[in-house]
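Asker: Okay, predicted coordinates and the sequence, questions at the end:
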Amino acid sequence: TQLLEQSPQFLSIQEGENLTVYCNSSSVFSSLQWYRQEPGEGPVLLVTVVTGGEVKKLKRLTFQFGDARKDSSLHITAAQPGDTGLYLCAGAGNYGQNFVFGPGTRLSVLP
Amino acid sequence: DAGVIQSPRHEVTEMGQEVTLRCKPISGHNSLFWYRQTMMRGLELLIYFNNNVPIDDSGMPEDRFSAKMPNASFSTLKIQPSEPRDSAVYFCASSPGGGQGLYSNQPQHFGDGTRLSIL
């Protein structure tokens, strides 16, 4: 069984600060996705990373897939209150295993 | 462009009652997923369908849970009889591809969920 761990579990920061959240596993993933979920809504896909070492940028968000495809990070520059939400990573194993979600990092950006 | 539509948005019922959750996936999507989200266990995959056929139901907690997809535009998740521990937010998602395993880089589009409370 593959497991994804995310850290930190909770994060509260001031507007304008930078932050990094992490997604880790002991298993290799064929691809990994990051989602953001706001209260009362379903998760929304932010990015998919496929290649080890891959870096993708989405405005102020930078996503990196580890070289060994076992971990990923999400860095947010100059956080804004609109970034508040639950950030979930999700991935599927290298041998066709089913998709699993991590427990999430709950981010709160205070104005 | 309509997204995944779930109904009802909220359901409150007494234990022992039958509960039916409904989902309309995005038109043209081949895969449909049912998830359950709780604070304790996070987001758990219950079952997924590909081309209306159940592919993996290993996440379904027990026989009280059943899911059907009679056609490409409709799916139901039924709990009978319901218990208080079934209280959670249930999400339906759809994906344009296989959605799992080898096709796992396909995006999943989630509905807004059904918040289920069993008293």
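Answerer: Ah, there it is.
Asker: got the contact list for stretch B:110-119?
Answerer: A:40-44, B:3-15, B:17, B:19, B:21, B:23, B:35, B:37, B:82-93 (C-beta atoms under 8 Å, 6 or more residues apart in numbering or on different chains). C-beta: built from backbone N, CA, C; applies to glycine.
Asker: The nearest residue to B:Glu14 once chain neighbours are set aside - how many residues pack around it?
Answerer: Counting by C-beta to C-beta, 6 or more residues apart in numbering or on different chains, B:Glu14 lies nearest to B:Leu119, which is 5.2 Å off, once chain neighbours are set aside. As a burial measure, B:Leu119 scores 10 neighbours (other C-beta atoms under 10 Å in any protein chain shown).
Asker: for A:Val50, same thing?
Answerer: Neighbour count for A:Val50, taken as other C-beta under 10 Å: 15.
Asker: show me what contacts B:Asn51?
Answerer: B:Asn30, B:Ala72.
Asker: The same query, at a cut-off of 10 Å, please.
Answerer: Counting by C-beta atoms under 10 Å, 6 or more residues apart in numbering or on different chains, B:Asn51 touches B:Asn30, B:Ser31, B:Leu32, B:Met69, B:Ala72, B:Gly98.
Asker: now it: how far from B:Asn30?
Answerer: The gap separating B:Asn51 from B:Asn30 is 6 Å, by C-beta to C-beta, to the nearest Å.
Asker: what's downstream of the least confident helix or strand in chain B by mean pLDDT, the next helix or strand?
Answerer: Within chain B, no helix or strand scores below strand B:53-56, which has a mean of 88 by mean pLDDT, DSSP states H and E. Later in the chain than strand B:53-56, the nearest helix or strand by DSSP states H and E is strand B:65-71.
Asker: show me what contacts residue 6?
Answerer: Unless you meant another one, I'm taking chain A. A:21-24, A:72, A:74, A:86-89, A:101-106, B:42.
Asker: Chain B is the one I meant
Answerer: Per C-beta under 10 Å, 6+ apart, neighbours of B:Gln6: A:42, B:21-24, B:75, B:77, B:90-93, B:110-114.
Asker: Can you list the low-confidence ranges for chain A?
Answerer: By pLDDT under 70, the weakly predicted segments of chain A are A:1-2, A:93-98.
Asker: Chain B contacts on that one?
Answerer: Taking C-beta under 10 Å from any C-beta of the partner chain as the contact definition, chain A meets chain B at A:4, A:6, A:29-33, A:35, A:37, A:40-50, A:86, A:88, A:90-104.
Asker: which among those end up buried?
Answerer: Taking 16 or more other C-beta atoms under 10 Å in any protein chain shown as the criterion, what is buried in the residues of chain A next to chain B is A:4, A:6, A:29-33, A:35, A:37, A:42-49, A:86, A:88, A:90-93, A:97-104.
Asker: Helices - which of these land there?
Answerer: Among these, none falls in helices (DSSP state H).
Asker: quick one: buried residues of the host helix or strand of A:Ser73?
Answerer: In the assignment (DSSP H and E), A:Ser73 maps to strand A:71-76. Along strand A:71-76, these residues count as buried under the neighbour rule (16+ other C-beta under 10 Å): A:Asp71, A:Ser72, A:Ser73, A:Leu74, A:Ile76.
Asker: Mind listing the strands that strand pairs with, and their directions?
Answerer: strand A:19-24 (antiparallel), strand A:61-65 (antiparallel) (DSSP bridges).
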